[in-house]
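Participant: give the three-dimensional model of this entry:
(one chain, ligands or ions: 2)
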Amino acid sequence: MTTTAREPRQAPLGAATPLLSVDRLSVRFLLGRGGRRGEVRAVTDASFDLRPGQLLTLVGESGCGKSVLASALLGLLPGNAQLRGTATLSTQDGGRVELLSAPESVLAGRVRGRLVGLVPQSSATHLTPVRTARSQLLEAVRALRPGLDDPAGLVDHLAERVGLEPAVLDRYPHELSGGTAQRVAVALALAGDPPVVLADEPTTGLDRPLVDRTVDLLAGLAEEGRAVLMITHDLAAARGVATDVAVMYASRLVEIGPAGRVFDDPWHPYTAGLLAALPEGGFTPIPGHPPELTALPDGCAFAPRCALLGARDERCTGRPELVRHDDRMVACRRPC
Ligand SMILES: Nc1ncnc2c1ncn2[C@@H]1O[C@H](COP(=O)(O)OP(=O)(O)OP(=O)(O)O)[C@@H](O)[C@H]1O
Ligand code: NI
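Facilitator: Ligands and ions are numbered 1, 2, ... in the order given. Here you go, the predicted structure:
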């Protein structure tokens, strides 16, 4: 069965409290000392919630700011990054952690791996080359769950959870196929049993059956009550498993809503363009290119390409804010 043939999944109803609530998150990188050579506006005013049971997929062309958004949440950006906004994580004991202002000691000691697991963009290179998968998993489990009686047992359990044969654990990273390395990366992300999982391009370089298995694995994490943010270029894979979609263009979220609705009836011309570029959409690429993030226009960043699509009209003035239309949020004055 292909992912595209599946029924869209839906976020569970009634899961009201977000585990992660992002409000007007902006990230800019200062170029040159003190920003003398300008700045890259990588993320602008991103707001979204992530609830237990949700698999939110973040899509958009290369360079639009997806990975920077995820890295900002985990305090993994380099020193030339400046952050604005808030990202609040709710903890099981009713507490809250404000991720953007948390000191590194809190991010390292409480957040990364424990409250938020990360499946990084290039999982194979993320693994230490000179140690077996088992020893890396064991180290992660020992570090993240120091009081555990049987860490080796948990490693076996994690391997089973992500569909790894036990013998595979005794291999070195270079002996693992791309799909297997990806599973090890997911197991590592789960070592601290985090309620929130961020996966950055988890299916890159995998063939279609492995893509399906990987996204199914992430969907399973959402089904067991975690909140999952999956960054991907692969809309076809996302379509089968995502409960919700956020579409990013030139650093801004331009459409967010339930996956089934957004994929079946996109409102932002950019979302419609991304879907038309898929094989089932007729392979029609969006004409033109995204703007440089060092020189973003004040108005709608998509307007020039919208004009090439023949969809621009007199309403396309000023910057469209992300506002609620029916079942979703859209940043367009004239949604499709
Ligand atoms: N340290 C940095 N300094 C300056 N610019 C940066 C830095 N890190 C990232 N950028 C820029 O921020 C923008 C967003 O990058 P990001 O990696 O988030 O894109 P992406 O949407 O994840 O792309 P892809 O789909 O290719 O992974 C890009 O223009 C990138 O060049
Ligand atoms: Ni990226």
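Participant: okay, CA-based contacts and neighbour counts for the rest of this
Facilitator: Will do.
Participant: check contacts around Gly32.
Facilitator: Gly32 makes contacts with Gly38, as judged by Cα atoms under 8 Å, 6 or more residues apart in numbering.
Participant: strands of the stretch 51-200 of the chain, residue ranges please.
Facilitator: Using DSSP state E, counting those that start in this stretch, the strands of the stretch 51-200 of the chain run over residues 55-59, 81-90, 96-98, 116-119, 196-200.
Participant: and the residue nearest to Thr284 when sequence neighbours are not counted, how far is that from Asp234?
Facilitator: Sequence neighbours aside, Ala277 is the residue nearest to Thr284 in space, at 4.5 Å (criterion: Cα to Cα, 6 or more residues apart in numbering). Applying Cα to Cα, to the nearest Å, the value for Ala277 to Asp234 is 11 Å.
Participant: check the burial of Arg36 by counting its neighbours.
Facilitator: Arg36 has 9 neighbours, counted by other Cα atoms under 10 Å.
Participant: same check on the one 3 residues further on?
Facilitator: A count of nearby residues for Glu39, using other Cα under 10 Å, gives 18.
Participant: could you double-check that the residue nearest to Thr284 sits in contact with Phe283?
Facilitator: Yes. Counting by Cα atoms under 8 Å, Ala277 touches Phe283, with 4.4 Å between them.
Participant: more neighbours, these two?
Facilitator: Neighbour count, other Cα under 10 Å: between Ala277 and Phe283, Ala277 has more, with 16 against 13.
Participant: quick one, phi/psi of the more buried one?
Facilitator: Dihedral angles of Ala277 (phi, psi; degrees, to the nearest 10) stand at phi -80, psi -10.
Participant: repeat for Gly60
Facilitator: phi 160, psi 160.
Participant: so how many other residues sit close to the residue nearest to it when sequence neighbours are not counted?
Facilitator: Using Cα to Cα, 6+ apart and skipping residues adjacent in sequence, the residue nearest Gly60 is Met248, 4.9 Å away. By the criterion of other Cα under 10 Å, Met248 has 22 neighbours.
Participant: and Asp234, by the same measure?
Facilitator: 17.
Participant: neighbours around Arg261, how many?
Facilitator: 16.
Participant: cool, Ser47 as well?
Facilitator: Residues near Ser47, counting by other Cα under 10 Å: 18.
Participant: run through the residues that contact it.
Facilitator: Contacts of Ser47 (Cα under 8 Å, 6+ apart): 21-25, 253.
Participant: in strands, which of the residues you listed fall?
Facilitator: Among these, the members found in strands (DSSP state E) are 21-25, 253.
Participant: close to ligand 1: what parts of the stretch 1-150 of the chain are there?
Facilitator: 29, 40, 42, 61-68, 78 (Cα under 6 Å from any ligand atom).
Participant: can you select the buried ones from those residues in ChimeraX?
Facilitator: With 16 or more other Cα atoms under 10 Å as the criterion, this ChimeraX line picks the buried residues out of these:
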select :29,40,42,61,64,65,66,67,68
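Participant: and the residues of the stretch 1-150 of the chain next to ligand 1 as TSV, adding pLDDT and distance to Asp150?
Facilitator: Listed next are these as TSV, based on pLDDT from 0 to 100; distance: Cα to Cα, whole Å:
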residue	pLDDT	distance to Asp150
Phe29	97	44
Val40	98	47
Ala42	98	43
Glu61	95	44
Ser62	94	42
Gly63	96	43
Cys64	97	43
Gly65	97	40
Lys66	97	37
Ser67	95	35
Val68	97	36
Pro78	96	37
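Participant: what is the most widely separated pair among the residues of the stretch 1-150 of the chain next to ligand 1?
Facilitator: Glu61 and Pro78 (22.2 Å; Cα to Cα).
Participant: smallest gap between the stretch 101-250 of the chain and ligand 1, at which residue?
Facilitator: His233 (6.6 Å; Cα to the nearest ligand atom).
Participant: report how many residues lie close to the residue nearest to that residue when sequence neighbours are not counted.
Facilitator: Leaving aside its sequence neighbours, His233 sits nearest to Val59 (Cα to Cα, 6+ apart; 5.9 Å). Applying the criterion other Cα under 10 Å, we find 25 residues in the vicinity of Val59.
Participant: surely Val59 meets Val247?
Facilitator: Yes. Between Val59 and Val247 there is a contact at 5.0 Å, judged by Cα under 8 Å.
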